[in-house]
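**Q** coordinates for the following, if possible.
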Amino acid sequence: MITGIVNTEFEPIIPLSVCGSDGRIYTQDAIIDTGFNGWLSLPPDLINQLNLKWKRRGRAILGDGSECVFNVYEAEVVWDGVLLTIPIDEADSEPLVGMSLMEGYQLTVQVFENGRVELSKVNTVG
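**A** Numbering: from 1, shown residues only. Below you'll find the predicted structure:
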């Protein structure tokens, strides 16, 4: 299970550990964004600090209908105790955890300041 808290802006926050190219693990708070269907977005300065490997260009339609082109990198993250290699979208925002990274998990949020955030793996049969 992954746990976090709701901050004063009512954003669900969890700690996220990302491996840099030097093999060190960097832990950063990230906002859970259920409107983001990608894996994880990180700001350019953090991507540079981690020295992540560039993979390709990406394209997305934003909430206001405009189109955005961005760089996509690759990194290893520690997710619920497991090391995963995932795509990282570059975005000029706080780190965002998207729905693709949370696939197979149940999200529970107590929507008040300092409320509990929980991501728990769902056991599916079939």
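**Q** just say helix, strand or coil for the nearest residue to residue 27 once chain neighbours are set aside.
**A** Spatially, and ignoring its direct neighbours in sequence, residue 27 is nearest to residue 17 (4.7 Å; C-beta to C-beta, 6 or more residues apart in numbering). Every C-beta, even on glycine, is put in place using the N, C-alpha and C of the backbone. Secondary structure, DSSP: H, G, I helix; E, B strand; the rest coil: residue 17 is strand.
**Q** list the buried ones in stretch 39-51?
**A** 39, 40, 41, 42, 43, 46, 47, 50 (16 or more other C-beta atoms under 10 Å).
**Q** whoops, stretch 69-82 was the one
**A** 71, 72, 73, 75, 76, 77, 79.
**Q** any chance you could map the helices in this structure?
**A** Taking DSSP state H to define them, one finds helices in the chain at 44-50.
**Q** what mean pLDDT does the biggest strand by length in it get?
**A** Longest strand of the chain, by residue count under DSSP state E: strand 67-79. Across strand 67-79, the average pLDDT comes to 94.
**Q** for the buried residues of stretch 39-51, which one is nearest residue 63?
**A** residue 41 (14.0 Å; C-beta to C-beta).
**Q** that closest one contacts residue 86, doesn't it?
**A** No - at 11.1 Å, residue 41 does not count as touching residue 86 under the criterion of C-beta atoms under 8 Å.
**Q** picking that back up, list the neighbouring strands of the longest strand of the chain plus their orientation.
**A** Partners of strand 67-79 in the sheet, by DSSP bridges, are strand 12-19 (antiparallel), strand 53-61 (antiparallel), strand 82-90 (antiparallel).
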